[in-house]
Structures are given as structure tokens and as C-alpha cells.
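> Curious how this folds, go ahead:
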Amino acid sequence: MDQPTILCLASYFKGNAFMRMCKQLGARVVLVAKDELQEERWVRESIDEIFFMPDLTKRPDIVHAVSYLARDRAIDRIVPLDDYDVETAAALREHLRTPGMGDTTARYFRDKLAMRVQARDSGIAVPDFVHVLNYDRLRAFMSSVTPPWVLKPRSEAGSVGITKVHNSEEVWRALDVLGDRQSYYVLEQFVPGPVYHVDSIVSERQVLFNIAHRYGKPPMQVFQGGGIFTTQTQPHEDEETVALFALNRQVIEALGMVRGVTHAEFIRAEADGKFYFLEAAARVGGANIDELVAAATGINLWEEWAKIELAHLRRESYELKDYRQEYAGLILCLARQEWPDLSAYNDPEIVWRLAHKEHHAGLIVASSAHERVTSLLQQYEQRFAEEFLAVLPASDKPS
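Sure, this is the predicted structure:
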């Protein structure tokens, strides 16, 4: 076929590796991004055209803008580079009749209510929840499910906007503040326990690659209370890892992912030891998790996603390259210093250092030994707390 055109949407600065690979594979790359991202370090040598807009989620503006571009550009695929662009990309595909994930499936990967209902109806364990809609059902939930609970916006990313509430009075006060926005929320049982994430590559409904990691502290705790963010690869043959992979495959099938990458999160409840599904996203994980996966396996999720899209477009078979099965750990924190000096961290296992991000410190270590990664993260967490850590109020933006 003629040179295909891939239209990428970016509400946040990410996806350079995806666009670079699309260009290497012979595609024409068009990027539509938010105005505030004009000065970011885009791989402009791999992008044929860049357009900037004030807000990529505002309809019908984005529909009109992309439809205008399509007058003299045959757009073959539309790809969201950020979680906030998943539903926008789906709406554009529906409008332009471009192949790929449509509105209904996109909801399962963006709307915390839709994904919970779909998972529960498919026999997957989820924490007890109720849509903040009907007050009788809300009262019944609060009288039967032991607090605390978490009030979650349905379509934010990660831990953004989540509030922990301890009694019904706190819930009603929060709903008074929300007003007409109440129906865009879910009230869910708070389940204590360690949180895990599974990152996957899916092609034609088959999970061809997955890797499991465990967060040091639950992301919500770090995001809202401050502290140091860590996550590390699970032991490959561990029974937890095997169970997570099986549950992850169930989730991907239930939510209807056909091709692409996913980032799913699960919690193992302290009360009963069972795994519960928390959420899934049809995108590469944030907070530099793509670099973490690459350090442990050699797999770049962005690049493989690009290969999948181009293979399907050209009616070719996608083949996952060989990869390692090692271990990696990631540590990140807000820093008091504008540009933290990490030169004293010189262990040979360090394979990545966070750069170009003011007031942040970050490292990734990799080893063939799980115990070595664990030991280094424990050492670094103590040192980061003493040398760098700053705590600010929770942001209203994702990582």
C-alpha cells in the first residue's frame, strides 16, 4: 500500500519512541498535541507534521480539526499517546470510520465504572462498589460495606482525584461539593494490601507478552501523601506472578482488547489473600514504567505497539522479538533540589537515570538476581529520603 499515515494524539509529553518506530517502518506521522507542549523535546525528525490545540478532549472542536486535516490526508490509524486521549481517539475513529478501538471498548479502559461492571459480570473479583447515582443504592452500600471507602472519578488517570472517606457524613459532604458531577464518580470499598501492575502486549486478542511488578507502596498512598515511589519485577516463577498473569488474561478478554498495549493494576487483599482487579488502561504505563520494562526484558512497549499497528495496517503478522527475563526496579521522588545530583549513585546495576525533569530524582536498576534489585531499592529508598525527598500537595495531573 502507499505510505500509511498515523495520527497521534498527545495531551501530555510522551510517545516519542512510538513515533520514531512508526517513521522507521515507513509511515507518515502526524502529531496533534496540546498548545502547552510546543517546547517539549518531540522527535521532530520522525514527525512529518505537528499541530497544536488548546484542548484535545473538547468536542466538537477536535472532531472538526481532525476532519479538516483529513480533507487532504488519508488518515489510516489514530493512536492516543496518553490515557486522556483514549476516548478522544475512539470518538475520532467512530466519526472517520477508521479501524481500531471504538467508543464502547474505550470506555472499558477509561471509565472506572464501566470496567468494574464488565469485569464483575465476567466473573472477575473486584472490590465492592456502587455508582454514585441512586441515593437508595448508595445508602444500602454504605450500610452493608464496612468503611473506609474511596470516592473515585470515573475517567481520571491513575490516582488523580481519588478521595478516601471514612463515614457516610463525609460522603454526603463530598457529594454536596460535587453537585451535578456526582454521577461521574464511583464509591468503592477500600481494600488494604499490596498493589501490583501487569504490563502486556496484545495482538489479535492474544497476550504475547506480560510482565508483573509490585509497587513498594500503593500509588494512591504515594500520590496523595507524598513519599518515594518504587516498583520492582516480580519473581518470574512465583505463584503470585502466575496468578496475576492468569487474571490479567481474563481482564483483557473481558474488556475486549484486540491489539495494542495494556497497563493493569491488581491488589492482593490482606483480609483474604485474594487478588482483586482495580483498573486497566489501553496505553503504556506512566511514571517511566516503560523504561522499567525495557530494563528487565529489552522490550520497548512503545516500539512494539507501533509494530503491531503497522503490521495490522499492512495485513502482516506481528512477531514479538526475543526478550530477556531478568529483574528491574524503579525509584522516583519529588526532590528539594531543582536538578538533583545523582553522581554518588554508581552501582553497576544502574541502567537509567531520570533526566530533563526539574525537582525529580529517579533511577532504574537491573540484575539477573531478584534479591539484588530488592537490596538496592531498599538502600536507595533510605538515601533518597535523606538526600532528596520533598513533599508537596497532591497534584491534579497524572504522571
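
> which stretches of the stretch 51-200 of the chain form helices?
Secondary structure of the stretch 51-200 of the chain (DSSP state H, counting those that start in this stretch): helices at 61-69, 86-96, 103-108, 112-121, 135-144, 168-178.

> okay, those helices, which one's buried deepest?
helix 86-96 (a mean of 21; mean count of other C-beta atoms under 10 Å). Bear in mind the C-beta positions are built from the backbone N, C-alpha and C, glycine included.

> Which elements pack onto that one?
strand 5-10, helix 61-69, strand 77-80, helix 103-108 (3 or more C-beta pairs under 8 Å, 6 or more residues apart in numbering; DSSP states H and E).

> Work out the gap between it and the centre of the chain.
Taking C-alpha atoms, centre = their mean, to the nearest Å, one finds the center of helix 86-96 at 19 Å from the center of the full chain.

> Put together TSV for the helices of the stretch 51-200 of the chain, with distance to Asn300 and mean pLDDT on each row.
Below are the helices of the stretch 51-200 of the chain laid out as TSV (distance: least, C-beta to C-beta, whole Å; pLDDT from 0 to 100):
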stretch	distance to Asn300	mean pLDDT
helix 61-69	27	97
helix 86-96	20	97
helix 103-108	24	96
helix 112-121	26	98
helix 135-144	43	98
helix 168-178	40	97
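
> Let's have the helices and strands packed on helix 86-96 in TSV, adding distance to Gly225.
Putting these into TSV (distance: least, C-beta to C-beta, whole Å) gives the following:
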stretch	distance to Gly225
strand 5-10	30
helix 61-69	35
strand 77-80	30
helix 103-108	30
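
> domain assignment for the chain?
Split into domains by automatic domain parsing, the chain comes to 5-100, 128-189, 195-387.

> Tell me which of those domains lies nearest to Leu113.
domain 128-189 (5.0 Å; C-beta to C-beta).

> How far does the closest one sit from its chain's centre?
23 Å.

> Please apply the same query to stretch 108-124.
Its chain's C-alpha centre and that of stretch 108-124 lie 16 Å apart, by C-alpha atoms, centre = their mean.

> got it, and stretch 323-334?
On C-alpha atoms, centre = their mean, the centre of stretch 323-334 falls 16 Å from that of its chain.

> residues of it that come out buried?
Glu326, Tyr327, Ala328, Gly329, Leu330, Ile331, Leu332, Cys333, Leu334 (16 or more other C-beta atoms under 10 Å).

> just to revisit the earlier point, quick one, which of the helices and strands packed on helix 86-96 is nearest to Asp347?
strand 5-10 (34.4 Å).

> buried set for stretch 370-386?
Under 16+ other C-beta under 10 Å, the buried positions of stretch 370-386 are His370, Arg372, Val373, Thr374, Leu376, Leu377, Tyr380, Glu381, Phe384.

> And for the fifth one, nearest residue in space, chain neighbours not counted?
Excluding its sequence neighbours, the residue lying closest to Leu376 (C-beta to C-beta, 6 or more residues apart in numbering) is Val365, at 4.8 Å.

> If you count contacts, what does the helix or strand harbouring the one you found end up packed against?
Per DSSP states H and E, Val365 falls inside strand 360-367. Secondary-structure packing of strand 360-367 (3+ C-beta pairs under 8 Å, 6+ apart): helix 289-297, strand 327-334, strand 350-353, helix 370-387.

> For the longest one, give me every contacting residue.
If I follow you right, that is helix 370-387. 216, 228, 230, 232-233, 235, 327-329, 331, 333, 340, 345, 347, 349, 361, 363, 365-367 (C-beta atoms under 8 Å, 6 or more residues apart in numbering).

> Could you pick out the buried ones from those?
Using 16+ other C-beta under 10 Å, the buried members of the contacts of helix 370-387 are 216, 228, 230, 232-233, 327-329, 331, 333, 340, 345, 349, 361, 363, 365-367.

> quick one: average pLDDT of stretch 224-238?
Across stretch 224-238, the average pLDDT comes to 93.

> from memory Glu253 sits against Ser200, does it?
No: Glu253 lies out of contact with Ser200 (C-beta atoms under 8 Å); the separation is 11.6 Å.

> So if I had to pick from the two, which one is more boxed in?
Remark: of Glu253 and Ser200, Ser200 carries more neighbours, 23 against 15, as counted by other C-beta atoms under 10 Å.

> Does the more buried one have any beta-bridge partners, and if so which?
On the basis of DSSP bridges, Ser200 is bridged to Asn210, Thr262.
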